[in-house]
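Chemist: return a 3D structure for these sequence lines:
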Amino acid sequence: MSWLYSQWYSGYPKSSFHFFNDNGEWLQMDKYAHFFDAYIIAKPMTHVYKWAGLNNTKATLYGCGVALLFQTTVEVFDGFSSEWGFSTGDLACNTGGVLLFGAQQLGWKEQRIMLKYSFHQTKYSQYRPDVLGSNLQENILKDYNGLTSWICVNPYSFMNKNSKFPKWLNFAVGFGGEGMTGGDFNPSEINGVPIPEFTRYRQYYLALDIELSKINTRSEFINGLFKLLNIIHLPMPTIEFSSVKKPIGRVLYF
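Modeler: Numbers count the residues shown, from 1 in each chain. Presented below is the predicted three-dimensional model:
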């Protein structure tokens, strides 16, 4: 939490608590980030409570509660920042991510529909490093142009357990945004320095996905590492769709 505060809030002036409607910003990519963050926080917290001896129901409820509390704290930080404000849209997405995890865990006792992400650095951050980040660490947190959000479905989980369908293979739908140097709109200049004009548009992807949590090795360390890395969509053959160009096939996309 302290790292997040230092990266995101420390450079901005404070204000009295207020609300802010940012639902139209960043082609809604920031909203998925809230959905995703709540989901991936609920998952390990639930496992911690199960490891501590709680049953699945209690562990899930406590884990989801901690995730929602953490995300709500971030919203409170926003509420006291003059640059932003408490966003009910963010709160709704935080709640949605927690519910997606909790409903599956309570209903199936496993995750059959997973949220993942992938990221690549883009050319846009060079024009607004204060907003989009000046290094890789900041880019991952701030540059939504490089973020691709994935919803991954594991078909094997819905099949008979005797099925020969690879249990580690998912089908994935991704979406992203391109050409964004500002939240609602792209500024033409910053401090008198012109910025190139970029077209803002959404991107959609179809791809396969590797479900690392379904790959078991003889090493407990590697198994644990696979589960930790499973929030990342690994580079895979992908088809990209958008409103500004024809479908594009990519041998590997990350």
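Chemist: for residue 227, grab phi and psi.
Modeler: As for residue 227, its main-chain torsions (degrees, to the nearest 10) stand at phi -70, psi -40.
Chemist: would you confirm that it contacts residue 212?
Modeler: Yes - using C-beta atoms under 8 Å, residue 227 is in contact with residue 212, at 6.9 Å. From N, CA and C alone the C-beta is placed, and that goes for glycine too.
Chemist: higher neighbour count, those two?
Modeler: Neighbours were counted for residue 227 and for residue 212 using other C-beta atoms under 10 Å; residue 212 has more, 19 against 16.
Chemist: ok, the more buried one to residue 243 distance?
Modeler: 33 Å (C-beta to C-beta, to the nearest Å).
Chemist: now do residue 120
Modeler: 21 Å.
Chemist: got it, and residue 237?
Modeler: 22 Å.
Chemist: so the closest residue to residue 25 other than its chain neighbours, which state does it fall into?
Modeler: In space, and not counting its chain neighbours, residue 25 is closest to residue 183: 3.6 Å by C-beta to C-beta, 6 or more residues apart in numbering. With DSSP: H, G, I helix; E, B strand; the rest coil as the basis, residue 183 sits in coil.
Chemist: that older thread, compare neighbour counts for residue 237 and residue 243 and give me the winner.
Modeler: Between residue 237 and residue 243, counted using other C-beta under 10 Å, residue 237 has the larger neighbour count: 12 against 9.
Chemist: next one: phi and psi at the more buried one?
Modeler: phi -60, psi 130.
Chemist: and it, what is it in contact with?
Modeler: Residue 237 is in contact with 207, 208, 249, 250, 251, 252, 253, counting by C-beta atoms under 8 Å, 6 or more residues apart in numbering.
Chemist: pretty sure residue 30 sits in a strand.
Modeler: No - applying three-state DSSP, one finds residue 30 to be helix, outside a strand.
Chemist: thought residue 165 was touching residue 155?
Modeler: Yes - counting by C-beta under 8 Å, residue 165 touches residue 155, with 6.0 Å between them.
Chemist: circling back to that earlier point, just the buried ones among the contacts of residue 237, please.
Modeler: 207, 253 (16 or more other C-beta atoms under 10 Å).
Chemist: relative to residue 11, which of the contacts of residue 237 is nearest.
Modeler: Among the contacts of residue 237, residue 253 lies closest to residue 11 (C-beta to C-beta), at 33.0 Å.
Chemist: which non-adjacent residue is nearest the closest one?
Modeler: Nearest non-adjacent residue to residue 253 (C-beta to C-beta, 6+ apart): residue 238, at 3.8 Å.
Chemist: and that neighbour, what helix or strand is that in?
Modeler: strand 236-242 (DSSP states H and E).
Chemist: what of residue 102?
Modeler: Judged by DSSP H and E, residue 102 forms part of helix 88-107.
Chemist: would you mind pulling the contact partners of that helix?
Modeler: Contacts for helix 88-107 (C-beta under 8 Å, 6+ apart): 19, 21-23, 30-32, 34-39, 42-43, 46, 56-57, 60-61, 63-64, 67-68, 71-72, 74-75, 78, 110-113, 115.
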